[in-house]
Structures are given as C-alpha cells and as structure tokens.
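S.K.: Based on what follows, work out the 3D shape:
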Amino acid sequence: QRQMCIRDRICTVFIKNSPYCLFRFYVKMYYHTSLILPFGKEKVKMKNKKVALHNLGCKVNAYETEAMQQILEEKGYEIVPFAPGADIYIINTCTVTNIADRKSRQMLHKAKKMNPDAVVVATGCYVQTDEGKLEKDEAVDLVLGNNQKKNIVEVLSEYEEEHQRQSHIIKINQTREYEELEISRTAEHVRAYIKVQDGCNQFCTYCIIPYARGRVRSREKENILKEVHKLAEAGYKEVVLTGIHLSSYGVDFPEDKKETLLSLIQAVNEVEGIKRIRLGSLEPGIVTEEFAKELAAMPKVCPHFHLSLQSGCDATLERMNRRYRSAEYKERCELLRKYFGNPALTTDVIVGFPMESEEDFQASYDFVKDIHFYETHIFKYSRRHGTKAAAMDGQLTEAVKAVRSDKMLELHQIRATEYENSLLGQKAEAVSYT
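M.R.: Numbering: from 1, shown residues only. All right, here's what the predicted structure looks like:
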C-alpha cells in the first residue's frame, strides 16, 4: 500500500499493481500535525518543520535574521535553503527605499509560489510601515512587526493551533523596550556582527527609518559583553558593533546607568580572545578629540571609520535636516587622521536630492573630492512616501540623478585606487580561522 497525507486535499489509496482506485476519503489536517491512517502498522508522521529565512537590508536586519534562525533551531525546526520545499518561509523585509519595498513584496510572493501550502511570514521594517496592506495580501500568512521577532516560535505555534492569518505589530514609536536577541554563531568564520542599539531620533527628511524602528533604545552593556564572551569562546576573533543609529548608544539610559559608545568599546576591548573591533556607521558629531584619542589607544580598534555624510553642500544638508555642516565634518575627519595616520574613511552620499541645483551638486562633489575617502557609497535620491522630502518642491528627474551618480562613481573609483596604492609595500596582520 502507498499512504499519502495532503492537507485539505483528497487522499487516494491504491492497491499495488491495480489501476483502480479502491476508495477515496477526505482528510482534514491542520498544518504540521501528524496523521495516522487506519491501515498498516506504521504511523505516518510529519517530518520536522523546515524553515527557510531570507534577509533584506542592513546589518541589523541580518543580525536579527540570524537570531531568529537560532531561536528556531533550538526549538527543533530544521533550517533549509530559501528554495522550494520549505514548510515555513520567513522574510525579514527592508523599507529604506521604494525599491526595497518592492523587493520585499517580490520575495514574499516568490516564497508563496515556491510552496503554496507553506506558511509565509513577513517581518521587519516594511511590515512596520506598510499601513496594514500586507494583512490583505493573500501571499502572507503571518505579519510580525519590529520588536516582535523574539516571539517567532510562539507566533508560529499559535498559527498552527488556530490556522488563521495573524498580525503582530506594536506601535513602535511608543515603546522604550529594547528587544533582546543574541547569536552564538554566524555564517562568517572569524567576524561577528553584534547589534547594540535600535531606533533613531534624527528624523532626516528623506528617511523613513525612525517610523519603522522607533525611538532610540540601547542594549544593556552586560548583555552585550555576555554575547561577546560567548562568541570569543566559540572562536570568533573580530566583532562589529552595529545599530540603527550607533552613535546614540546609551543616550536613553538613566543617569545612574549612563553609558556611551566609547565606554562600550572600551569594555569590549577587554574581552580576551577578541582581536579586532570594528564599528558600524557613525555620525560625525561623535568624533571628538577625546573619542579619537581613546580609540587610538586601543590596538584592537580597526582604523576604518564610516562617517555618514549624505551631501557636501550645506544648503542640501539643511534641507535634509542633518545635524552638521561640511566644515564640521571635515574637522572630524582630520581628528581621525591625526590619531590614526592613514585610516580608511568611507561614507554615503545622496545625489539628486530635491532642489539640488548644479551648483549644490558641484559643491558636494568638490567636498567629497577634497576629503579623499577610501570608499563612497553613492545613492540616487529615492522619493520615499511618508517622509518630508517626498513632499518637497524641486523633485529632479531620474536622468539628472543618473548623470550626477555617474560622476560621483568615477571619483570614487579614483580615490579607492589611490588609497589602496598607499598601502602597497606595507605589512599587515591577517586574522585566520583555526
């Protein structure tokens, strides 16, 4: 006999070598439960639930995806590639641009097409800002907002029992709770990203992230150090401290528990086994004389600093609601070079921001040229619904943005080559996996 278990489908039983159907019966089976057929001695059980995860977006998202994966593994779920055959698909979405929104929707629909009977879970920033549209999307079974990822197992269990589409979204701007997640390993051999902070209070006019991530919430230093120690014991030699607005680490702590990003770095520097410390994107304002001097006194801190710029034109920076101007930014770069000699300075630049004139763009270009960045990540301004910049006058055409982007990219290639050539002939230490 051949036994078949199909959810909410007709099951047909055939006698071996017989072309005729002996009988048919209907099976009503809830997802991921075992079915015992009334013939044969062996029970037909569901295999372990197979989960495929896919991440979109930033390093914080990647960390949270790895954390969810490890939570699921601890509860007996089998992690499989993001391909046909999974029982559950979890997509950690991104919403930083309209293109990111589109990619998020595409991946959710791709998951449902790979297995129409699978449970598709949408989580992350796009979920948090889509204003309930995903709850009506037939491709999505579960909606899980930010600050809810730690509940992934409980949410899946609840869905298994009720088998009804569900939405779990909180008002992210009203919470002050940091969602405690952790990892014990990562896909990389020697480097581990560690999330230490969430949320942003800056409200740049082009950015939707404060609405997706909420206000600044910092992780307790003791929990960070506990995770760093575990990773060091597991053989990881390099950690990258990351967050949504890393420079704001500790600003939300009460006075009696005050910490800063600098004090956190100093604590991580003391962890035995960690050979290198890297930092995620920094705001230029955090780079003071004390900050640069103290970092330089810690040999574990890598001389690579990503200072967010966005524009080298002061008029554009003001429209963006950035909290610095070009002269201050340059001073911060000079401080890092004073204490680190020849650090790798990298940045982000937006071209084609609303009302950016040719003169504004040229001012930004000249400033970037003058700083001599190792790498410049160039983004054509993307009009993001829900932000102040989206409603501004003076929206530029995609053709204009493309021309300006190409010009910045040419400069990036020149400066990257120059920096790499400056290192030729020098000896450097490499960290290997043993």
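S.K.: just the strands in the stretch 51-200 of the chain please.
M.R.: Assigned by DSSP state E, counting those that start in this stretch, the strands in the stretch 51-200 of the chain fall at 78-79, 88-93, 119-124, 142-144, 166-168, 191-198.
S.K.: Arg325: which of those strands is closest?
M.R.: Arg325 sits nearest to strand 191-198 of all these, at 25.2 Å, using C-beta to C-beta. In this view, the C-beta of every residue, glycine as well, is placed from N, C-alpha and C.
S.K.: Please tell me how far that closest one is from the chain's geometric centre.
M.R.: Taking C-alpha atoms, centre = their mean, to the nearest Å, one finds the center of strand 191-198 at 10 Å from the center of the full chain.
S.K.: can you check stretch 190-210 too?
M.R.: Distance of stretch 190-210 from the chain centroid (C-alpha atoms, centre = their mean) equals 9 Å.
S.K.: mind listing what's buried in that stretch?
M.R.: Residues 190-200, 202, 204-210 are the ones in stretch 190-210 that count as buried (16 or more other C-beta atoms under 10 Å).
S.K.: per-residue confidence at the residue nearest to Ser382 when sequence neighbours are not counted?
M.R.: Closest residue in space to Ser382, ignoring its immediate chain neighbours: Thr97 at 4.0 Å, by C-beta to C-beta, 6 or more residues apart in numbering. With respect to pLDDT, Thr97 has a value of 88.
S.K.: Run a quick neighbour tally on Leu56.
M.R.: Neighbours of Leu56 under the rule other C-beta atoms under 10 Å: 22.
S.K.: Can you name the residues that contact it?
M.R.: 91-94, 100, 103-104, 107, 124 (C-beta atoms under 8 Å, 6 or more residues apart in numbering).
S.K.: which one among those residues gets closest to Ser311?
M.R.: Ala100 (20.9 Å).
S.K.: isn't the closest one right up against Cys94?
M.R.: Yes - counting by C-beta atoms under 8 Å, Ala100 does reach Cys94; the two are 4.1 Å apart.
S.K.: Overlap in contacts, the two.
M.R.: In contact with both Ala100 and Cys94: 56-57, 126, using C-beta under 8 Å, 6+ apart.
S.K.: can these go into a markdown table with extra columns for pLDDT?
M.R.: Formatted as a markdown table, these follow (pLDDT from 0 to 100):
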| residue | pLDDT |
| --- | --- |
| Leu56 | 97 |
| Gly57 | 93 |
| Tyr126 | 95 |
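S.K.: can you tell me which of those lies nearest to Tyr374?
M.R.: For these, the nearest to Tyr374 is Gly57 (23.4 Å; C-beta to C-beta).
S.K.: For the nearest residue to that closest one once chain neighbours are set aside, the count of nearby residues, please.
M.R.: Residue nearest to Gly57 in three dimensions, not counting chain neighbours: Cys94, with 3.0 Å by C-beta to C-beta, 6+ apart. Neighbour count for Cys94, taken as other C-beta under 10 Å: 22.
S.K.: Contacts only, for Cys94.
M.R.: Applying C-beta under 8 Å, 6+ apart, the residues contacting Cys94 are 56-58, 61, 100-101, 103-104, 124-126.
S.K.: And the pLDDT for it?
M.R.: 96.
S.K.: what residue lies at the spatial centre of this structure?
M.R.: The centroid of the chain falls nearest to Asn61 when counting by C-alpha atoms, centre = their mean (2.2 Å).
S.K.: Let me know whether that one touches Asn55 as I believe.
M.R.: Yes - the criterion here is C-beta under 8 Å, and Asn61 meets it with Asn55 at 5.5 Å.
S.K.: Give the residues shared as contacts by those two.
M.R.: Counting by C-beta under 8 Å, 6+ apart, the shared contacts of Asn61 and Asn55 are Asn92.
S.K.: now the stretch 101-250 of the chain, which segments are flagged as low pLDDT?
M.R.: The stretch 101-250 of the chain contains no residues with pLDDT under 70.
S.K.: residue boundaries of the helices in it?
M.R.: Secondary structure of the stretch 101-250 of the chain, counting by DSSP state H, counting those that start in this stretch: helices at 125-129, 152-162, 209-213, 221-233.
S.K.: For the ones you listed, give me JSON lines that also has distance to Val251.
M.R.: Below are those laid out as JSON lines (distance: least, C-beta to C-beta, whole Å):
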{"stretch": "helix 125-129", "distance to Val251": "22"}
{"stretch": "helix 152-162", "distance to Val251": "29"}
{"stretch": "helix 209-213", "distance to Val251": "14"}
{"stretch": "helix 221-233", "distance to Val251": "14"}
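S.K.: Of those helices, flag the one that's most buried.
M.R.: Sort those by mean neighbour count, taking mean count of other C-beta atoms under 10 Å, and helix 125-129 sits at the top with a mean of 27.
S.K.: which helices and strands does that one pack with?
M.R.: In terms of contacts (3 or more C-beta pairs under 8 Å, 6 or more residues apart in numbering; DSSP states H and E), helix 125-129 is packed against strand 88-93, helix 98-114, helix 209-213.
S.K.: and these, which is most packed in?
M.R.: Using mean count of other C-beta under 10 Å, strand 88-93 ranks as the most buried of those, with a mean of 28.
S.K.: Paired strands for it, with orientation please.
M.R.: Strand 88-93 has these partner strands in its sheet, going by DSSP bridges: strand 50-55 (parallel), strand 119-124 (parallel).
S.K.: picking up where we left off before, mind putting the contacts of Leu56 into TSV with distance to Glu238?
M.R.: TSV is the format used below for these (distance: C-beta to C-beta, whole Å):
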residue	distance to Glu238
Ile91	28
Asn92	23
Thr93	28
Cys94	25
Ala100	28
Lys103	29
Ser104	30
Met107	30
Gly124	26
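S.K.: quick one: contacts of the helix or strand hosting Phe367?
M.R.: In the assignment (DSSP states H and E), Phe367 maps to helix 358-371. By C-beta under 8 Å, 6+ apart, the residues outside helix 358-371 that reach it are 309, 311-316, 326, 330, 333, 345, 347, 349, 351, 356, 376, 404, 407-408, 411, 415.
S.K.: For Ala267, which residues are in contact?
M.R.: Ala267 makes contacts with 221, 224-225, as judged by C-beta under 8 Å, 6+ apart.
S.K.: From Tyr193, how far off is it?
M.R.: Ala267 sits 18 Å away from Tyr193, going by C-beta to C-beta, to the nearest Å.
S.K.: Glu238: how many residues sit nearby?
M.R.: Neighbour count of Glu238, defined by other C-beta under 10 Å: 19.
S.K.: Fine by me, thanks again.
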